[in-house]
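Trainee: Provided below for reference: sequence and predicted model.
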Amino acid sequence: MKNHIVCLSTTNYHPLPTRKQNVMSRLQNSEILYFDPPVSLIAPLKDKKAAAYLGKYRQPGEKVEGHENITVYALPPVLPFWGKYRWINRLNQRRLARFVRKKMRTHGFGAETVLWCYSPSSCDIVARLPHSALVYDCVDRHSAYKGHLTAAVVDRMESDLAAPANQVFATASGLAETLGQINPATKMIPNGAAYEIFSRVQTEKDNLPCPDDVQGLRHPVFGFVGMLQECIDYDLIETLARERPEATVLLIGRTLPGVDLTRLKQYPNIVFHDLVPQPALPAYLSQMDVCLNLFRAGALSRDVSPLKFYEYLATGKPIVSTREPLQVEEFADVVYIARDANDFVALCDQAAAEHDPDKTARRLALGAQCSWTERVRQIERTLYAKGVLHES
């Protein structure tokens, strides 16, 4: 008998794979209903692309290519300010519960369902959905985000979600410490990388042609891959571009709403590139001399578990990182960690000049240990032992 899992995600299944997709797509013996997060009714005022998503919940479920056991649905839009007023969240979750129950009935999901949540807001939907077990997978310090929320309200919702959970996972030690005080069944399992994809930078380096849109970049190339969001340290990027005008700073990723990069666009040696599909990323990463993991100090950055860092490890390339997130300290022997802005550029120079096969091999080995395959094995072993999931 297969496990029936309802995943209430905080990330759309497409186009960018995060922890949610990587975990769900690797779970064995499971049929999964994956629900993209709802958009707010006022979201189009901030992001015009959100308007196209408002009516998507009326579309039929989508089977994931290569993972026919996963069906993706869009949730109906919700009222704004749920993170400020709990009563609004309760209204939203009541409506979402009706939609989810309908889809569960369509797929024959009943009381044996495992409810797998990623957002504190799901605290008010749990009692409205039939399920045999509850898993809360915490990937961020949710109350540290900016926007229409009150930290105390979000923290209270997270507590109400974590307390009754059969199992809580956390991606960072700070998150695990906080949640462990709420629910002793809390286990830290950091994010990981699709090692089989990113290790191609080394295993196929002689067969990865340079993409046409990054040909002719001046080396050294200092590269960043990921969402350009508020918690990134753009001051360090500007410093590097200013102090090393002969080099290239390549930023691959989408700029999130509310992030103003006008200042960076004044530098001719900073190259902006839109999202690249994950299978194509090794060809771009192979053109980088150094990979950058740059987070601005703060509550959100301290407890983040950046996928990009583990993906960088899997390439074997030199990495220059800020001190945050705290997890990078575990890799201090093979990663250049800038203690402050003063030594950042110097470390970038050292990393670009590195020619140490032993460090490359060490990073590859660590990347393999941090692969999604290994992470999901840890998750499954934990849930098998508790009877939350069964192997066959």
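Mentor: Great, that's in hand.

Trainee: Where do the helices of the stretch 251-392 of the chain begin and end?
Mentor: Under the criterion DSSP state H, counting those that start in this stretch, helices of the stretch 251-392 of the chain are mapped to 281-285, 299-302, 307-315, 341-352, 357-369, 372-386.

Trainee: What is the fourth one packed up against?
Mentor: I take that to be helix 341-352. Applying 3 or more Cβ pairs under 8 Å, 6 or more residues apart in numbering; DSSP states H and E, we find helix 341-352 packed against helix 234-243, strand 290-293, strand 319-322, strand 336-338. Glycine gets a C-beta too; all of them are placed from N, C-alpha and C.

Trainee: please redo it, this time with the cut-off set to 10 Å
Mentor: Helix 341-352 sits against strand 221-225, helix 234-243, strand 290-293, strand 319-322, strand 336-338, with contacts defined as 3 or more Cβ pairs under 10 Å, 6 or more residues apart in numbering; DSSP states H and E.

Trainee: And the longest one, by the same measure?
Mentor: Identification of packing neighbours for helix 372-386 by 3+ Cβ pairs under 10 Å, 6+ apart yields helix 19-24, strand 133-138, strand 167-170, strand 186-188, helix 195-198, helix 307-315.

Trainee: now what about the next helix or strand after the third one, what contacts it?
Mentor: Using DSSP states H and E, the helix or strand that directly follows strand 167-170 along the chain is helix 173-180. Contacting residues not belonging to helix 173-180 are listed as 136, 138-142, 155, 158-159, 161-163, 165, 168-170, 172, 185-190, 299, 302-305, 325-327 [Cβ atoms under 10 Å, 6 or more residues apart in numbering].

Trainee: For the residue nearest to residue 312 when sequence neighbours are not counted, give the beta-bridge partners.
Mentor: Nearest residue to residue 312, sequence neighbours excluded (Cβ to Cβ, 6 or more residues apart in numbering): residue 291, at 4.1 Å. When bridges are called by DSSP bridges, residue 291 pairs up with residue 223, residue 319.

Trainee: Pull the contacting residues for residue 291.
Mentor: Residues near residue 291 by Cβ under 10 Å, 6+ apart: 201, 221-225, 285, 308-309, 311-313, 315-321, 335, 351, 363.

Trainee: ok, back up a step: buried only: go through the contacts of helix 173-180 for me.
Mentor: In those, burial by neighbour count holds for 136, 138-142, 155, 158-159, 161-162, 165, 168-170, 172, 185-186, 188-190, 302-305, 325, 327, counting by 16 or more other Cβ atoms under 10 Å.

Trainee: Kindly present the helices and strands packed on helix 372-386 as JSON lines, with separate columns for mean pLDDT and distance to residue 345.
Mentor: Shown next, in JSON lines, are these (pLDDT from 0 to 100; distance: least, Cβ to Cβ, whole Å):
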{"stretch": "helix 19-24", "mean pLDDT": "97", "distance to residue 345": "32"}
{"stretch": "strand 133-138", "mean pLDDT": "98", "distance to residue 345": "35"}
{"stretch": "strand 167-170", "mean pLDDT": "98", "distance to residue 345": "34"}
{"stretch": "strand 186-188", "mean pLDDT": "98", "distance to residue 345": "33"}
{"stretch": "helix 195-198", "mean pLDDT": "96", "distance to residue 345": "26"}
{"stretch": "helix 307-315", "mean pLDDT": "96", "distance to residue 345": "19"}
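
Trainee: Mind listing what's buried along stretch 51-67?
Mentor: Using 16+ other Cβ under 10 Å as the test for burial, stretch 51-67 gives 53-54, 57, 64, 67.

Trainee: Pull up the distance across it, start to finish.
Mentor: With Cα to Cα, to the nearest Å as the measure, stretch 51-67 spans 28 Å from end to end.

Trainee: again with stretch 2-11
Mentor: Start and end residues of stretch 2-11 are separated by 25 Å (Cα to Cα).

Trainee: which parts of it are buried?
Mentor: In terms of neighbour count (16+ other Cβ under 10 Å), stretch 2-11 has its buried residues at 3-11.

Trainee: Likewise for stretch 76-91?
Mentor: 76-78, 80-83, 85-86, 88-89.

Trainee: Need these in JSON lines (columns: secondary structure, distance to residue 151 and pLDDT).
Mentor: Converted to JSON lines, the buried residues of stretch 76-91 look like this (DSSP: H, G, I helix; E, B strand; the rest coil; distance: Cβ to Cβ, whole Å; pLDDT from 0 to 100):
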{"residue": "76", "secondary structure": "coil", "distance to residue 151": "27", "pLDDT": "96"}
{"residue": "77", "secondary structure": "coil", "distance to residue 151": "24", "pLDDT": "96"}
{"residue": "78", "secondary structure": "strand", "distance to residue 151": "20", "pLDDT": "96"}
{"residue": "80", "secondary structure": "coil", "distance to residue 151": "17", "pLDDT": "95"}
{"residue": "81", "secondary structure": "coil", "distance to residue 151": "14", "pLDDT": "95"}
{"residue": "82", "secondary structure": "coil", "distance to residue 151": "14", "pLDDT": "95"}
{"residue": "83", "secondary structure": "strand", "distance to residue 151": "9", "pLDDT": "96"}
{"residue": "85", "secondary structure": "coil", "distance to residue 151": "14", "pLDDT": "97"}
{"residue": "86", "secondary structure": "helix", "distance to residue 151": "13", "pLDDT": "98"}
{"residue": "88", "secondary structure": "helix", "distance to residue 151": "16", "pLDDT": "98"}
{"residue": "89", "secondary structure": "helix", "distance to residue 151": "15", "pLDDT": "98"}
